[in-house]
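> A predicted structure for the sequence below; I have some questions about it.
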Amino acid sequence: MKKRILAYGRLNDEQLAQLGQDVEVQTFPGLASADDPAFRAALPHAHGLIGAGLAITPELLDAAPRLEAIATISVGYDNYPVEALTRRGILLCNTPDVLTETTADTGFLLIMAAARRALELADLVKRGDWNAGIGPEHFGSDVHGKTLGLIGFGRIGAAVARRGALGFGMRVLYSNASPKPELERELGAERREMDRLLAESDFVCVTVPLTPETEHLIGEREFALMKPSAIFVNIARGKVVNEAALIEALEMGRIRAAGLDVFEQEPLSPESPLPHMTNVVALPHIGSATHETRTAMAQRAVDNLILALKGERPIDLVNDVALRGG
Ligand code: DGY
């Protein structure tokens with residue numbers, strides 16, 4: 001008998017057909033909550049899950065005693081209780097690599113848009129207020145030749161740095177748990193303690209994963225260390241930043257601007273002042289959201305899940321221990 005999987009992420013017809021060759025697929029298009037009654041009813045029979053954006057809790061795992069593997073269509077896995085999964089021998093697979101360049105593009109989009117005040121000035125044109133030549137009150141700041149500080153220097157951080165160093169002649173600083181000598185050679189990047197990086201950078205871009213150690217890594221103290229002309233960009237996770245401190249830093253002019261793809265609460269509350277601030281570019285978590293990349297991510301998740309349910313090593317395994325049955 002075929003194993004059964006629950007698909008709550010966006011998969012195209014070919015991907016569903018590919019899964020269907022090996023497993024029985026039950027789809028939950030547009031599933032918004034794990035409390036959905038049909039999803040709940042299907043959990044006890046599920047061997048695999050594939051999707052994104054759903055918070056998986058240990059309590060949900062209790063309702064899914066047959067579960068062997070989860071393939072998330074995301075690189076981040078902060079929505080998953082990794083220890084609880086590992087204890088139960090459930091494999092967790094993510095989708096690194098395929099989204100690196102697209103997410104770095106989003107980082108650079110935010111750097112450029114915030115530096116050159118692109119949205120604010122596009123709005124001015126849209127309102128019909130472009131009446132004369134643009135003067136200093138609307139000037140932005142240069143990106144090329146400036147100092148770009150990366151907090152986190154994994155795949156995505158390095159891809160943002162590559163754009164900065166090779167495309168825009170930027171000096172690259174990074175703060176990361178381990179040194180990256182190859183990237184230092186390739187990009188002339190220099191490793192710094194985070195406090196020094198914050199003080200020296202014109203652009204500070206956060207790319208660390210969300211973990212208990214990185215939650216609220218950037219707060220009032222860190223914004224106070226940045227230059228008043230600094231532009232802050234977050235393409236990682238909203239909770240890495242104390243959002244109240246960010247709002248205050250922007251309001252008080254402690255930093256010049258911010259480009260944000262992620263927020264402490266998503267979707268962003270309509271009460272949030274952030275999207276209404278002229279010095280903020282706020283996007284609805286679109287880091288990897290292109291047709292090409294989202295298709296590639298879904299494909300990678302499909303491949304991972306099929307391998308995992310066949311008892312083979314998936315391409316991307318988050319919790320190695322489970323594979324060894326530990
Ligand atoms: C991820 O894959 O974790 C991204 O945040 C989704 O765009």
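Yep, it's here. Numbering: from 1, shown residues only.
> neighbours around residue 102, how many?
20 (other C-beta atoms under 10 Å). Just so you know, the C-beta spots here come from the backbone N, C-alpha and C atoms, and that holds for glycine as well.
> name the element it belongs to?
helix 100-115 (DSSP states H and E).
> name the helices or strands packed onto that helix?
Counting by 3 or more C-beta pairs under 8 Å, 6 or more residues apart in numbering; DSSP states H and E, the packing neighbours recorded for helix 100-115 are helix 155-162, strand 203-206, strand 231-234, strand 257-260, strand 280-282.
> change it to 6 Å
The contact analysis (3 or more C-beta pairs under 6 Å, 6 or more residues apart in numbering; DSSP states H and E) places helix 100-115 against helix 155-162, strand 231-234, strand 257-260, strand 280-282.
> So which of those is the most surrounded?
Per residue and on average, the most neighbours among these fall to strand 231-234, with a mean of 28 (mean count of other C-beta atoms under 10 Å).
> average pLDDT across the very next helix or strand once past that strand?
Using DSSP H and E, the next helix or strand after strand 231-234 towards the C-terminus is helix 243-251. Computed over helix 243-251, the mean pLDDT rounds to 98.
> Stretch 270-287 and the ligand, any residue contact?
Yes - contact between stretch 270-287 and the ligand, assessed by C-beta under 6 Å from any ligand atom, occurs at residue 287.
> what sits up against that stretch?
With contact meaning C-beta atoms under 6 Å, 6 or more residues apart in numbering, stretch 270-287 is reached by 103, 106, 110, 113-114, 119-120, 235, 247, 250, 257-262, 266.
> Out of these, which are close to the ligand?
When these are checked against the ligand using C-beta under 6 Å from any ligand atom, none falls in range.
> out of the residues you listed, which are buried?
Buried subset of the contacts of stretch 270-287 (neighbour count, 16 or more other C-beta atoms under 10 Å): 103, 106, 110, 113-114, 119-120, 235, 247, 250, 257-262.
> quick one: residue 129 from the ligand, how far?
34 Å (C-beta to the nearest ligand atom, to the nearest Å).
> That should have said residue 72, apologies.
Distance, residue 72 to the ligand, using C-beta to the nearest ligand atom: 8 Å.
> For that residue, which non-adjacent residue is closest in space?
residue 94 (5.3 Å; C-beta to C-beta, 6 or more residues apart in numbering).
> Dump the helices and strands packed on helix 100-115 into JSON lines; add mean pLDDT as well.
Shown next, in JSON lines, are the helices and strands packed on helix 100-115 (pLDDT from 0 to 100):
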{"stretch": "helix 155-162", "mean pLDDT": "98"}
{"stretch": "strand 231-234", "mean pLDDT": "99"}
{"stretch": "strand 257-260", "mean pLDDT": "99"}
{"stretch": "strand 280-282", "mean pLDDT": "98"}
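> Double-check the residue nearest to residue 72 against residue 76; I have them as touching.
No - judged on C-beta atoms under 6 Å, residue 94 makes no contact with residue 76 at a distance of 7.4 Å.
> what residues are shared contacts of the two?
Counting by C-beta under 6 Å, 6+ apart, residue 94 and residue 76 have no contacts in common.
> Among the two, which residue is more densely surrounded?
More crowded of residue 94 and residue 76, by other C-beta under 10 Å: residue 94, with 25 against 19.
> quick one on the thing from earlier: mind checking how far the helix holding residue 102 is from the chain centre?
12 Å (C-alpha atoms, centre = their mean, to the nearest Å).
> which residues are in contact with it?
The contact list for helix 100-115 (C-beta under 6 Å, 6+ apart) reads 140-141, 143, 155-156, 159-160, 163, 203, 205, 231, 233, 235, 257, 259, 261, 281, 287-288, 290, 293.
> Show the average pLDDT along it.
The model assigns helix 100-115 a mean pLDDT of 98.
> how many neighbours does residue 186 have?
15.
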